[in-house]
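A.B. asks: sequence and predicted structure are below.
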Amino acid sequence: MPIWDRPADLRDGPANEPAIGSAAASGPTHRWDVRLVPAAALGWLTAWAAPLLPAWVLLAAGVAALIGAVGALVFRRQWSGTSGRTRTQGAAAAALTLAGLGLIAGTAAAHIHARDRSPLRQPSVQEQDVLLRLQVTEAIRVLPPGATGSRVLVPGNALAITCAGPCASSSVRSWTLSGEVIVFAPAQGWAELTPGATVSARVSIAEAAPEDMLLGIAFARGPPEASAPASGVLEAAAAGIRGGLRERADRTLGKDAAGLLRGIVLGDTAGMDAILTEEFRLSGLSHLTAVSGTNCAIVVGAVLWPLRRSRFRAVSRALIAALALAGFVVLVGPQPSVLRAAAMGAITLLALTTGRVRQAVPALAAAVLVLLSLDPALARDLGFALSVAATAGIVVAAGSWTEQLRTRGWPEPLAVATSVCAAAGLFTAPLLVLIVARVSLISLPANMLVVPVVAIVTVLGLAAALVTPLWPWLGEVLLRLVDWPLRWMVWVAERAARTPGAVVPWPEGPVGALVLVAVIVVSVVLLRRRQVRWLAAAACVGIVASGLSMRVLAPTWPPTGWALVACDVGQGDALVVSLGAGRAVVVDAGPDPLLVDGCLRRLGVHDVPVILLSHLHADHVEGLSGVLRGRDVGAIATSPDPLPVEADARIRRLAQEAGVPVVALRPGETRVVDNARIEVLGPVVRYIGTRSDPNNSSVVARISVGSVSMLATGDIEFEAQSDLLRRGTDLSADVLKVAHHGSAYQNPAFLTAIQARVAVISVGAGNDYGHPDEGLVDRLGSAGMSVRRTDEDGDIAVVNAPGSDLAMVARGDPIRAQASPAPSLPAGDRPGVQQISRAPPHRPAPRPRRGRWRDHEPGRRRGLRPVSHQPGDMPVQPRG
């Protein structure tokens, strides 16, 4: 809720004007002051177009606009046909509009001039590595890990560069800079940096897109060579308070609650794991973890509430509120989103001190003009647009909607919460459709459920941060008070994110946004009629009833007797081998922890004796936290040559936090857990210089449960496949997990040697790699295998059907529950269920034994029996 929703606290005595956003202020009889709205709109358009124009054009336009503003005021008396008051108001509006345009154009011209003359745009600089010194300006953003490990994005202000050779056409080797840059860097040494820190690092430079208005983009080769934290007294004190809250919260609260508290109070989402972050995003609650106008409103409201009956005059209370707002900004760090929210709050406070409490719209327009004048690049910032749209929705619509709900008997707190959430959601939805082709139906109820506790968490969390350095025990007491509200928010986000039908697809881009605007406008107009409201309510009830009936009548998942499931996790691997009774072996877990966790939840898996990671590329391991979350995990098994090294370190840190041992598998050994037999077949050599050493170093394992065997091949390519054949390895299995998402780098003889009846390809729909290769799919079919793909079938279950036959069931099929072929219906004609004749088992199944994978000596492992162990010497085999 924006800061101006409760302005009466600033006035002397009873408020003689309605609060902004109240029913009186926004009812039908009120006329909003929109004189600054055209100025803000034109200013936004100017700032948006500025990066595409030369600096001299913008400078000329800015000077002309300022001259026009002066002229509008000087010559206002010469306007004919209008009254004096109308002339004054028209001249003032024209002058404000032209002055705003002039300031924005002038600022943009200065930015573009600095960008165009920057040495970072010189070819001689971009052709060499340079030493860049910069100051971090925003929180570090963690990017999805790639083959080289975790990477981060570092926004900063470039201070200087030093070149090994001449930096430009002259002989100068060092330049002083001042302008924004973006640095892409490995997480090591960079992820820990905080806003205000100054660092130096070896980077290569690339030119940024013109619309970004950046001096350039830098790519760091490694960790920074030197770094220094923020040196100011206030920055150091704020950093100490933030650090104290993090440490105390981590000790007092659970992992999810502690991470969420840091996100709500400080805007620091580093403590939130990937699953929780994704759940908040899908449920429409992610705005709560970014410091915004809501936080500023809560802070100012908490300060003003005790003062509402005091003898302080309005100006004094406004100054106290402004000081509290400034302190909050210093505490959380002067990041752009925080400054935007604070700027809007400050302008609103200024309007309130002058007694014009109904001027929320001009205050918002003025905030837009001021912020665009300071940084024209905000015109292309979606976060800024969402902030403005949400605030505008609350200011314009929330008050009247609240009154309408109250007149229909709604309790005021519920009416306010519903109106505020609905107004903000409807005004921001078209902007979100521009980048995400979906519309959330769960966002409104989810926000309504958590709104009552957000203020509690924010106020008590800030209080805990302030008192912890002086009285740690009091800080701990305050944190324990917010434990249950935080758990409630986590529970709501988790349930909302997993609600079927919570998100519906929608056309992406400008067309989708315009269509959504039209739908919203028509719906709001029609819902004013009683008959339409009843029809809409009946339709909603019908839709809910239909959805519930479909869930009740539709076949359940997983199918009875499932032996293994290939989870649809996009472009990645996640295989689940059933051990029965909610236990399973998981082979690979990537790339999305939420998708991996969802697959395991659908299968009812709560106990994982071992997670086998074939290799450590992101599409196989980045969902590991989804397996670890809320499950009993015995061990994580990896390749004897875990690559990349950075990913191995990250996996070990994650395992240590979860208290799970990490063991290395070696070719030739066989391990047994419960009724599963795991035979490690590869890698048989250490790969150096192949097309992809990490891929070829994947663990190759045959996993047998009962009468079904599967060959898990990771991402091995032609070289590793050929080496397995050369060694004469027995590769026979019933089910083949096709290597490397069905890429073309396969040895045909390897595929033939497996003699599988079923081939499963784990691949993402619409991927950019051309997976799976159509020629490979044809070869698999020619080899007698029945091929299923997760990009076409979703989750794929291999079922141990009666009579030595296998059946494959796709989760997306309407009759997927019928795993065993019906006697009256041939398997080949049955949709969703495919029956495959299978030869007798290749090897006897081991004696079932319930146990757990432990990293102890072989003789002391419970339930893990080393049948054979021939690790081999892992000879190095270089490749040209």
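C.D. replies: Great, that's in hand. Numbers count the residues shown, from 1 in each chain.
A.B. asks: just give me the neighbour total for Leu470.
C.D. replies: Counted by other Cβ atoms under 10 Å, the residues lying close to Leu470 total 9. All C-beta spots, glycine's among them, are computed from the backbone N, C-alpha and C.
A.B. asks: mean confidence score for the helix or strand hosting Ala297?
C.D. replies: Using DSSP states H and E, the element containing Ala297 is helix 293-304. The pLDDT scores in helix 293-304 average 77.
A.B. asks: do the same with stretch 791-809
C.D. replies: Here the average pLDDT along stretch 791-809 is 82.
A.B. asks: related to what we said a few turns ago, now for the helix holding Ala297, which elements pack on it?
C.D. replies: helix 314-332, helix 336-353, helix 382-393, helix 443-467 (3 or more Cβ pairs under 8 Å, 6 or more residues apart in numbering; DSSP states H and E).
A.B. asks: spit out the contact partners of Thr638.
C.D. replies: Residues in contact with Thr638 (Cβ atoms under 8 Å, 6 or more residues apart in numbering) are 613, 616, 648, 651, 662-665, 699.
A.B. asks: strands - which of those land there?
C.D. replies: 662-664 (DSSP state E).
A.B. asks: buried sites along the longest strand belonging to the chain?
C.D. replies: For the chain, the strand with the greatest residue count under DSSP E is strand 149-163. Judged by neighbour count using 16 or more other Cβ atoms under 10 Å, the buried positions of strand 149-163 are 149-152, 154-156, 158-159, 161, 163.
A.B. asks: now the strands for the stretch 701-850 of the chain?
C.D. replies: 708-712, 735-737, 758-761, 786-789, 796-801, 805-810, 833-837 (DSSP state E, counting those that start in this stretch).
A.B. asks: using CSV, lay out those together with distance to Ser283.
C.D. replies: Formatted as CSV, those follow (distance: least, Cβ to Cβ, whole Å):
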stretch, distance to Ser283
strand 708-712, 34
strand 735-737, 33
strand 758-761, 32
strand 786-789, 30
strand 796-801, 28
strand 805-810, 28
strand 833-837, 34
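A.B. asks: could those go into a markdown table alongside distance to Leu282 and mean neighbour count?
C.D. replies: Formatted as a markdown table, the strands of the stretch 701-850 of the chain follow (distance: least, Cβ to Cβ, whole Å; neighbours: other Cβ atoms under 10 Å):
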| stretch | distance to Leu282 | mean neighbour count |
| --- | --- | --- |
| strand 708-712 | 30 | 24 |
| strand 735-737 | 29 | 26 |
| strand 758-761 | 27 | 26 |
| strand 786-789 | 25 | 21 |
| strand 796-801 | 24 | 25 |
| strand 805-810 | 24 | 24 |
| strand 833-837 | 31 | 19 |
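A.B. asks: between these, which one is closest to Gly501.
C.D. replies: When these are compared by Cβ to Cβ, strand 805-810 sits nearest Gly501, at 20.0 Å.
A.B. asks: outline the domain layout of this protein.
C.D. replies: Split into domains by automatic domain parsing, the chain comes to 119-232, 233-284+453-506, 515-553, 562-816+826-840.
A.B. asks: who wins for proximity to Leu52 among those domains?
C.D. replies: Leu52 lies closest to domain 119-232 among the domains of the chain, at 6.5 Å (Cβ to Cβ).
A.B. asks: centre of the chain versus that closest one, how much separation?
C.D. replies: Chain-centre distance of domain 119-232: 24 Å, with Cα atoms, centre = their mean, to the nearest Å.
A.B. asks: what mean pLDDT does it get?
C.D. replies: Mean pLDDT, domain 119-232: 78.
A.B. asks: same deal with stretch 735-750?
C.D. replies: Regarding stretch 735-750, the rounded mean pLDDT is 94.
A.B. asks: what about that stretch, how long is it end to end?
C.D. replies: One end of stretch 735-750 sits 14 Å from the other (Cα to Cα, to the nearest Å).
A.B. asks: buried residues in that stretch?
C.D. replies: Here stretch 735-750 shows 735-743, 745-747, 750 as buried, counting by 16+ other Cβ under 10 Å.
A.B. asks: now, among those, which is nearest to Phe384?
C.D. replies: For the buried residues of stretch 735-750, the nearest to Phe384 is His741 (38.5 Å; Cβ to Cβ).
A.B. asks: give the contact list for the closest one.
C.D. replies: Neighbours of His741 in contact, by Cβ under 8 Å, 6+ apart: 571, 573, 619, 715, 761-764, 767, 769, 771-772.
A.B. asks: can you check Asp693 too?
C.D. replies: Contacts of Asp693 by Cβ under 8 Å, 6+ apart are 643, 687.
A.B. asks: change it to 6 Å
C.D. replies: Shown in contact with Asp693 (Cβ atoms under 6 Å, 6 or more residues apart in numbering): Tyr687.
A.B. asks: the helices in the stretch 451-600 of the chain, which residues?
C.D. replies: Assigned by DSSP state H, counting those that start in this stretch, the stretch 451-600 of the chain shows helices spanning 472-481, 483-497, 509-526, 530-553, 593-603.
A.B. asks: just want the angle from the first one to helix 483-497.
C.D. replies: With axes from the mean of the first three to the mean of the last three Cα atoms, to 10 degrees applied, the angle from helix 472-481 to helix 483-497 works out at 40 degrees.
A.B. asks: then the third one?
C.D. replies: Using the same axes, to 10 degrees, one finds that helix 509-526 and helix 483-497 are set 110 degrees apart in direction.
A.B. asks: now find how far off-centre the helix holding Ala297 is within its chain.
C.D. replies: The chain centre lies 26 Å from the centre of helix 293-304; the measure is Cα atoms, centre = their mean.
A.B. asks: dump it to CSV, restricted to CA.
C.D. replies: Provided in CSV are the C-alpha atoms of helix 293-304 (Å, rounded to 0.1, in the frame of the first residue of the first chain):
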residue,chain,number,x,y,z
GLY,A,293,6.5,1.4,-1.9
THR,A,294,4.8,-1.2,0.4
ASN,A,295,7.8,-1.3,2.7
CYS,A,296,8.1,2.5,2.7
ALA,A,297,4.4,2.8,3.5
ILE,A,298,4.8,0.4,6.4
VAL,A,299,7.8,2.1,7.8
VAL,A,300,6.3,5.6,7.6
GLY,A,301,3.0,4.3,9.0
ALA,A,302,4.7,2.6,11.9
VAL,A,303,6.5,5.9,12.7
LEU,A,304,3.4,8.2,12.3
